[in-house]
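Student: the amino acid sequence is not available; the structure is as follows:
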């Protein structure tokens, strides 16, 4: 099919939240270099607000639990997508579902390019043996390669971030404040080896709270995390929990207003970075060398576990595999170091 101004480039990224957020700077760079390009983003409905302010972008919500479930559902999805004029497909996910979807596109001869996740080199660098750290391509760079393989010009720039949102009434009410710096803290992670113990994070929060210079927003999800955050907000007068009080779109808007985010190696760090918010990340058994550091952040914003004590780090890509004892690796990060890094970055903004 010849490309025209009416064609869409289909972009696929279904999950997880951090990986979805990491597409944003790349799509901004893509649309900046190709202003007439129209994007159709295939993703989960929950993630639609992430793409709201990317130029010329339409979200196609996929229903993987019902309508688009299984082989027949993927076939149905392919038929629905083909109703759009597509100039090509950029598969930024490259999983079983998208490989099946690719088969259903063969009859249309639409260019279908997929991300090279570098699985072999990632297996090598996460092997459980002593090794030298070698920085692999970042996920952002791997996304860029997909678009270049489709023939598009893309060059990442530090300015390829979203502008702060205009706060809704709900965000304004939640964020009514005196003259204080706004800090986001996302203290949770999907796996224990990536999560800074709450006992240590409390030391950081206590120091921040006692300065009386900051308003601290706690980010997370789920009932257990909500209980833990409520306990923290009861203990520290300058801390607040947004869970259950804001929609995801408003939560993104609140994040865009922050002066700084503190996160694990997890999705909230990437959500902050896509707005260009200074983001500090704490790393346990994972490591930024694998390619998942938040966009545009200085290397020193990644606070790492002690590799002299835990030389097998990184032990996995996602933080779900580690030798015995390595679940305590992240405890080697001193809370004083975290507090000092926060203060330093915020003072540099003045």
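Tutor: The structure has been received and is ready for your questions. Treat the numbers as computed from the prediction; the structure is a model and nothing was measured.

Student: and the host helix or strand of residue 206, which residues are buried?
Tutor: Here residue 206 sits within helix 198-211, counting by DSSP states H and E. Judged by neighbour count using 16 or more other C-beta atoms under 10 Å, the buried positions of helix 198-211 are 200, 201, 202, 203, 204, 205, 207, 208, 209. From N, CA and C alone the C-beta is placed, and that goes for glycine too.

Student: for residue 219, which non-adjacent residue is closest in space?
Tutor: Distances taken as C-beta to C-beta, 6 or more residues apart in numbering place residue 186 nearest to residue 219, at 4.2 Å, with adjacent residues excluded.

Student: number of residues surrounding that neighbour?
Tutor: 24 (other C-beta atoms under 10 Å).

Student: what's opposite it in the beta bridge?
Tutor: In this structure, residue 186 has the following beta-bridge partners (DSSP bridges): residue 263.

Student: tell me the confidence at it?
Tutor: Residue 186 carries a pLDDT value of 96.

Student: ok, it - contacts?
Tutor: With contacts defined as C-beta atoms under 8 Å, 6 or more residues apart in numbering, residue 186 is in contact with 218, 219, 220, 261, 262, 263, 264, 266, 267, 268, 269.

Student: where's the dip in pLDDT among these?
Tutor: In terms of pLDDT, the weakest of these is residue 220, which scores 91.

Student: that residue and residue 73: what is the separation?
Tutor: Look at residue 220 and residue 73: by C-beta to C-beta, to the nearest Å, they are 31 Å apart.

Student: list the buried residues for stretch 40-54?
Tutor: When neighbours are counted by 16+ other C-beta under 10 Å, the buried residues of stretch 40-54 are found to be 40, 41, 42, 43, 44, 47, 49, 50, 51, 54.

Student: give me phi/psi at the second one?
Tutor: Geometry field for residue 41 lists phi and psi as phi -100, psi 120, criterion degrees, to the nearest 10.

Student: that one contacts residue 56, correct?
Tutor: No. Contact criterion C-beta atoms under 8 Å: residue 41 and residue 56 do not qualify, at 10.9 Å.

Student: can you tell me which helix in this protein is longest?
Tutor: Scanning the chain for the helix with the most residues, using DSSP state H, yields helix 17-33.

Student: helix/strand/coil for residue 281?
Tutor: Taken by DSSP: H, G, I helix; E, B strand; the rest coil, the conformation at residue 281 corresponds to strand.

Student: give the bridge partners for it, please.
Tutor: residue 263, residue 302.

Student: ok, it - contacts?
Tutor: Residue 281 makes contact with 262, 263, 264, 265, 269, 288, 293, 294, 297, 301, 302, 303, according to C-beta under 8 Å, 6+ apart.

Student: closest one of the contacts of residue 186 to residue 146?
Tutor: In terms of C-beta to C-beta, no member of these lies closer to residue 146 than residue 267, at 21.1 Å.

Student: any idea how far residue 240 is from that closest one?
Tutor: Using C-beta to C-beta, we find residue 267 at a distance of 20 Å from residue 240.

Student: closest to residue 163 out of the buried residues of stretch 40-54?
Tutor: residue 54 (11.3 Å).

Student: could you check the pLDDT of the closest residue in space to the closest one that isn't next to it in sequence?
Tutor: Residue nearest to residue 54 in three dimensions, not counting chain neighbours: residue 27, with 5.1 Å by C-beta to C-beta, 6+ apart. In the prediction, the pLDDT value recorded for residue 27 is 98.

Student: for residue 86, phi and psi?
Tutor: Reported as degrees, to the nearest 10, the phi and psi values for residue 86 are phi -110, psi 130.

Student: hmm, residue 12 and it touching each other?
Tutor: No. Under the criterion of C-beta under 8 Å, residue 86 makes no contact with residue 12, lying 11.5 Å away.

Student: remind me which residues of the stretch 1-150 of the chain are low pLDDT?
Tutor: 1-6 (pLDDT under 70).

Student: please enumerate the helices of it.
Tutor: Using DSSP state H, counting those that start in this stretch, the helices found in the stretch 1-150 of the chain span residues 17-33, 70-81, 96-103, 119-125, 139-149.
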